[in-house]
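**Student:** next input, structure requested:
(one chain, ligands or ions: 3)
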Amino acid sequence: MTTQTSQSEPKRLFIKTYGCQMNVYDSERMRDVLRPLGYQPVDTADNADLVVLNTCHIREKATEKVYSELGQIKKMKEAAGGKMTIAVAGCVAQAEGAEIMRRQPAVDLVLGPQAYHKLPEMVARASRAVGERLETEFETLEKFDALPKAREADGPSAFLSVQEGCDKFCTFCVVPYTRGAELSRPVDDITIEARSLAAQGVRDISLLGQNVNAWHGAGPKLEGDGEWGLGQLARHLAKIGGIDRIRYTTSHPRDMDDDLIAAHGEVPELMPFLHLPVQSGSDRILKAMNRGHTAERYLDIMRKMREARPDMALASDFIVGFPGESDQDFEDTMDLVREVGYAIAYSFKYSPRPGTPAADMFGHVPEEVKDERLQRLQALLKQQQTEFNASKVGQTIPVLVTGKGRNPGQMHGRSPWMQAVHFDGPDHLAGQIVDVKIVGATLNSLAGEYAAAVEAA
Ligand code: SAH
Ligand code: SF4
Ligand code: F3S
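**Tutor:** Ligands and ions are numbered 1, 2, ... in the order given. Sure, this is the predicted structure:
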């Protein structure tokens, strides 16, 4: 690795990101790790020197998208006379490995989510057409240790990965196979990264993990060897000057402990938004999914959360048409949704994934039944989302201004409850937390009027 190249000629890097926020975070880290080699991010794959597809394997459609995209990029590579390196990263890379290069020979490199620190070396080798082109070993700790801890921030909000992997093995899900076993980063590492972000003006940090509330990292070295939970971590990060908002995603009901719930009542920086996927409201289906909790246990957590923080916005994921799901099971899901009342939720038709236990179960639900159930569920969720947004009209709320809006003079930002907010205001508000009076609401956003700056101390 040399930095000489970076001085001589900047190279064009295009990364396309699919899937979850972990991938968004990983794409940022790939940019960080390639920057010293002279790679500058660009917005299109045309004429890029290096194209990275950071892929998702969660549903069949997600995986197929990657191969059709690769077909397009192959044409660009040909048009560039072969002067383009194509890398496939992420969960499809992990799951399919060398098969990707067989299906699309234009691909130069395949690397799984635990190998990003090796990217510079692999790219250098690929450009000389020597060495290994496949890297899909699980070495998560090595990855975290090897990636630079200082980060380049982009705006006032940032993701910070604290936990990777999953040991839950829900019977429908590929993540335990693509991301490996659960692993938590130590507090000291997380603190260094958080401070580096805060020093660059980041005010809002989202702690990421496939099972973020399973995080149980080693406490600060100065305070001995004890292990911390996520509630303690949130209290600790809240003390870093400049960090005004802390979120975490995605959580699992099995790992929700009383200390984290209590922290929501005590730490003002901990935002009133909880994404806690339930998948189904039927205990029979939850059991077949191997979720390890009942609908009642989930509802109990939601009730406790609302006691600790009455304005808590609740979010979830749902799967309809899991094998064996009857009309009654689906009605149980609808009942659960009515009981909770969601601010936002994501819902999917069950997609059989190769190698997962559910793919071999009996009772696969016909496509048209899945369609009908998804439509009914989404109609209910949309109605709840619209009502939740409308409940903010008339209130003056603190908005983190994330940048300029689409129209001249317009700014956009985010509410404590994760809603997009737009309002007229001066450019210099970007990066600040300001009071905005909400005057309108739609399904996807709030419209407001700028009231006054309420800079946190
Ligand atoms: N770790 C998170 C979610 C990971 S995947 C959790 O445990 O909640 C994101 C969402 O994709 C899941 O919550 C689930 O709703 C959905 N999903 C996962 N596998 C799926 C499959 N085979 N078919 C349809 N949806 C799926
Ligand atoms: Fe997948 Fe279940 Fe793990 Fe979430 S908890 S990543 S749904 S196996
Ligand atoms: Fe997709 Fe992998 Fe995330 S399968 S949802 S990118 S962990």
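**Student:** which elements pack onto the longest helix belonging to the chain?
**Tutor:** Criterion DSSP state H: the longest helix present in the chain is helix 367-390. Helices and strands touching helix 367-390, by 3 or more Cβ pairs under 8 Å, 6 or more residues apart in numbering; DSSP states H and E, are strand 313-320, helix 327-340, strand 344-349, strand 433-441. To be clear about C-beta, it is placed using only N, CA and C from the backbone, and glycine gets the same treatment.
**Student:** right, so those: which one is the most enclosed?
**Tutor:** Using mean count of other Cβ atoms under 10 Å, the stretch among those with the largest mean neighbour count is strand 313-320, at a mean of 22.
**Student:** what about it, near ligand 3?
**Tutor:** No. On the criterion Cβ under 6 Å from any ligand atom, strand 313-320 is out of touch with ligand 3, staying 10.3 Å away.
**Student:** just the CA trace of that strand, in PDB.
**Tutor:** Coordinates of each C-alpha in strand 313-320 appear next as PDB, following Å, rounded to 0.1, in the frame of the first residue of the first chain:
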ATOM      1  CA  ALA A 313     -42.600   5.700  18.900                       C
ATOM      2  CA  LEU A 314     -42.700   2.000  18.100                       C
ATOM      3  CA  ALA A 315     -41.600   0.300  15.000                       C
ATOM      4  CA  SER A 316     -41.500  -3.300  13.800                       C
ATOM      5  CA  ASP A 317     -40.900  -5.800  10.900                       C
ATOM      6  CA  PHE A 318     -43.500  -8.300   9.900                       C
ATOM      7  CA  ILE A 319     -43.400 -11.400   7.700                       C
ATOM      8  CA  VAL A 320     -46.700 -12.600   6.200                       C
END
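**Student:** is ligand 2 within reach of it?
**Tutor:** No. Using Cβ under 6 Å from any ligand atom, we find that strand 313-320 stays clear of ligand 2, coming within 8.0 Å at best.
**Student:** mean confidence score for that strand?
**Tutor:** For strand 313-320, mean pLDDT rounds to 98.
**Student:** now do that strand: which elements does it pack against?
**Tutor:** Going by 3+ Cβ pairs under 8 Å, 6+ apart, strand 313-320 lies up against strand 273-275, helix 327-340, strand 344-349, helix 367-390.
**Student:** and the second one, C-alpha only, in CSV?
**Tutor:** The C-alpha trace of helix 327-340 is given here as CSV (Å, rounded to 0.1, in the frame of the first residue of the first chain):
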residue,chain,number,x,y,z
ASP,A,327,-56.1,-17.1,8.3
GLN,A,328,-56.4,-17.1,12.1
ASP,A,329,-52.6,-16.7,12.6
PHE,A,330,-52.7,-13.8,10.3
GLU,A,331,-55.7,-12.3,12.2
ASP,A,332,-53.6,-12.6,15.3
THR,A,333,-50.9,-10.4,13.6
MET,A,334,-53.5,-7.8,12.7
ASP,A,335,-54.8,-7.8,16.3
LEU,A,336,-51.3,-7.3,17.7
VAL,A,337,-50.8,-4.3,15.3
ARG,A,338,-54.1,-2.8,16.5
GLU,A,339,-53.0,-3.3,20.1
VAL,A,340,-49.5,-1.7,19.7
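**Student:** many thanks, I have nothing further to ask.
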